[in-house]
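Undergrad: The sequence isn't on hand, but the structure is:
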DNA sequence: GTCTATAAATAGATAGAC
DNA sequence: GTCTATCTATTTATAGAC
């Protein structure tokens, strides 16, 4: 059976090393590709220790996922609660995504894998944590701004347009390096600061709904109650 | 050993069924998670048949990847060669990505998985095929337009901003369905036509480099020869 | 908390008949 | 081209000593 359910934050050192090694292994190989043996070796820990701290490979994976989405969620929530203009919040939101991906390099690959995995490893609680990011962006975009900016951009489409490129940019780095090394092309990508600045400008453009020739997105046959995002009842 | 290297396009029916079943299985489970047994069952074919047609699970996977990137590459190349304005090509490029994802639902998840996989399963030839999409977008954006539109948007960043959301949108559908079913929120996403229209508008906004307050992206400390994308020498 | 040894199941791959 | 039976390696997981 498992040790005390880590109520006090004493990660026992080996537990923390296992989590770190596991997130690296899961990011690089995926849940099925990851080996408990490899995780143990990388954590400089005996394999049996993993089963002492975690009930199973799946439980270990769940812990990695929750840590990840929890950290990302808290980061963006902190931004939403600040007393700054809506546009500034959106810029900070973008910077937060990139900062989180930079600080935890395993975040983007694991996120992309989980999407492809169709949520097979995602229990309800983890799904809820994963949903904090889009829900927070929505609250930022929908919040009354006290004045102008009548045209509110679609929260979900905006989320796709921001998170998609950020995840793609970070997760694609190794493949791009390989393409470059092979001499197919040079696709190193810009420095991080440039990328963030670009994405922030993109975000501002996406928010400019009513300006120029842009007209509000018209919904084609808005069948049933599709694409509404309501808060909990 | 393998049968005749399929010079004439006679997929022998069972071979085609195997490929179809394999792409579904690889998309849903990834290379390591996929089971040759499951592929055989889904293709209504004996497992040994798979090894009659393909040298190994890895070889089968490579074939799936190449078919996929080949189709996507040809589709966008056809657009680049048409005699239409640059902006129209970009809009068509976006529509092509979405159409390809719609026609081959396994394309987005496999693409995302391969990024996360750091190209472990990508041999040089497959990498080359994968690179056709960004290279084609670059040629579209960089081509002389004969006149105005001086500010050329960054090809790689534009690629991230278009492909990222498209892959994200399609690949996230199953997870979004689960979130909706759980009652966490309604994130069905808009109908395909709306999404494409939105992404096309986004593309147009990204191309409007010099307009309004937007200034060309300034590179921060462009260390070494980073982020240049040169054609083959 | 840590380690050795091992059980138990799975899955990729092949031999060989038809 | 197709199928049955099987070999072999890998891998999750656990029992139990220290």
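TA: Noted; the coordinates are in hand. Small disclaimer: the values here were computed from a predicted structure and weren't measured.

Undergrad: Now stretch A:65-82: buried residues?
TA: For stretch A:65-82, the buried set under the neighbour-count rule, 16 or more other C-beta atoms under 10 Å in any protein chain shown, comprises A:65, A:66, A:68, A:69, A:72, A:73, A:75, A:76, A:79, A:80. From N, CA and C alone the C-beta is placed, and that goes for glycine too.

Undergrad: Does stretch A:64-83 reach DNA strand D?
TA: No - Stretch A:64-83 is not in contact with DNA strand D by C-beta under 7 Å from any atom of the strand; minimum separation 13.7 Å.

Undergrad: Ok, stretch A:29-38 next?
TA: Yes - judged by C-beta under 7 Å from any atom of the strand, stretch A:29-38 and DNA strand D are in contact via A:34, A:35, A:36, A:37.

Undergrad: Check what pLDDT residue A:91 gets.
TA: According to the per-residue confidence, residue A:91 scores 98 in pLDDT.

Undergrad: Name the secondary structure element that contains residue A:21.
TA: Element membership of residue A:21, judged by DSSP states H and E, is helix A:14-33.

Undergrad: which parts of chain A sit against DNA strand D?
TA: Counting by C-beta under 7 Å from any atom of the strand, the residues of chain A that sit close to DNA strand D are A:34, A:35, A:36, A:37, A:47, A:48, A:51, A:55, A:56, A:57, A:58.

Undergrad: Identify those among those that sit within helices.
TA: Judged by DSSP state H, the subset of the residues of chain A next to DNA strand D located in helices is A:36, A:37, A:47, A:48, A:51, A:57, A:58.

Undergrad: hmm, back to that, now intersect the buried residues of stretch A:65-82 with the helices, please.
TA: Using DSSP H, the subset of these located in helices is A:65, A:66, A:68, A:69, A:72, A:73, A:75, A:76, A:79, A:80.

Undergrad: Just the closest of those to residue A:159, please.
TA: residue A:76 (10.8 Å; C-beta to C-beta).

Undergrad: Next one: the closest one from residue B:30, what distance?
TA: Separation of residue A:76 from residue B:30 (C-beta to C-beta, to the nearest Å) stands at 28 Å.

Undergrad: which strands and helices sit next to the helix or strand containing residue A:110?
TA: For residue A:110, the host element (DSSP H and E) is helix A:107-116. In terms of contacts (3 or more C-beta pairs under 8 Å, 6 or more residues apart in numbering or on different chains; DSSP states H and E), helix A:107-116 is packed against helix A:14-33, helix A:57-80, helix A:86-103, helix A:155-171, helix B:14-33, helix B:107-116, helix B:155-171.

Undergrad: tell me the mean pLDDT over the helix or strand immediately after that helix in the chain?
TA: On the C-terminal side of helix A:107-116, the closest following helix or strand by DSSP H and E is helix A:124-142. Over the span of helix A:124-142, the pLDDT mean works out to 97.

Undergrad: Report all helices and strands that helix A:124-142 contacts.
TA: helix A:57-80, helix A:86-103, helix A:155-171, helix B:173-181.

Undergrad: Which one of the residues of stretch A:29-38 next to DNA strand D sits in the busiest neighbourhood?
TA: Each of the residues of stretch A:29-38 next to DNA strand D was scored for neighbours by other C-beta atoms under 10 Å in any protein chain shown, and residue A:34 scores highest at 22 neighbours.

Undergrad: Residue A:61 reaches residue A:22, doesn't it?
TA: Yes - look at residue A:61 against residue A:22 with C-beta atoms under 8 Å: they come within range, at 7.3 Å.

Undergrad: So between the two, which is more surrounded?
TA: Shown here are residue A:61 and residue A:22; by other C-beta under 10 Å, residue A:22 has more neighbours (26 against 21).

Undergrad: Relative to residue B:176, which of the ones in helices among the buried residues of stretch A:65-82 is nearest.
TA: Nearest to residue B:176 among these is residue A:69, at 15.3 Å by C-beta to C-beta.

Undergrad: Give me the pLDDT value at the closest one.
TA: Per-residue pLDDT puts residue A:69 at 98.

Undergrad: what's the distance between it and residue A:172?
TA: From residue A:69 over to residue A:172 (counting by C-beta to C-beta), the distance is 21 Å.

Undergrad: From DNA strand D, how far off is residue A:115?
TA: From residue A:115 over to DNA strand D the distance is 22 Å, taken as C-beta to the nearest atom of the strand, to the nearest Å.

Undergrad: same thing with residue A:18?
TA: Taking C-beta to the nearest atom of the strand as the criterion, residue A:18 is separated from DNA strand D by 13 Å.

Undergrad: isn't that residue right up against residue A:60?
TA: Yes - shown here, residue A:18 and residue A:60 form a contact pair, counting by C-beta under 8 Å, at 7.3 Å.

Undergrad: higher neighbour count, those two?
TA: With neighbours defined as other C-beta under 10 Å, residue A:18 and residue A:60 compare such that residue A:18 has more, 27 against 24.

Undergrad: In contact with that one, which residues?
TA: Residues in contact with residue A:18 (C-beta atoms under 8 Å, 6 or more residues apart in numbering or on different chains) are A:39, A:40, A:43, A:45, A:49, A:50, A:53, A:54, A:60.

Undergrad: out of those, who's nearest residue A:109?
TA: For the contacts of residue A:18, the closest approach to residue A:109 (C-beta to C-beta) belongs to residue A:39, at 15.8 Å.

Undergrad: got the buried residues for the helix or strand harbouring that closest one?
TA: Per DSSP H and E: residue A:39 is located in helix A:36-42. If you call a residue buried by 16+ other C-beta under 10 Å, then helix A:36-42 has these buried ones: A:36, A:38, A:39, A:40, A:42.

Undergrad: That helix and DNA strand C, are they touching?
TA: No - contact between helix A:36-42 and DNA strand C, assessed by C-beta under 7 Å from any atom of the strand, is absent, since the two come no nearer than 8.4 Å.

Undergrad: wait, does that helix contact chain B?
TA: No - using C-beta under 8 Å from any C-beta of the partner chain, no contact is recorded between helix A:36-42 and chain B, whose separation bottoms out at 12.4 Å.

Undergrad: Tell me where the model's unsure across chain A.
TA: Along chain A, the model assigns pLDDT under 70 to residues A:1-11, A:146-150, A:209-233.
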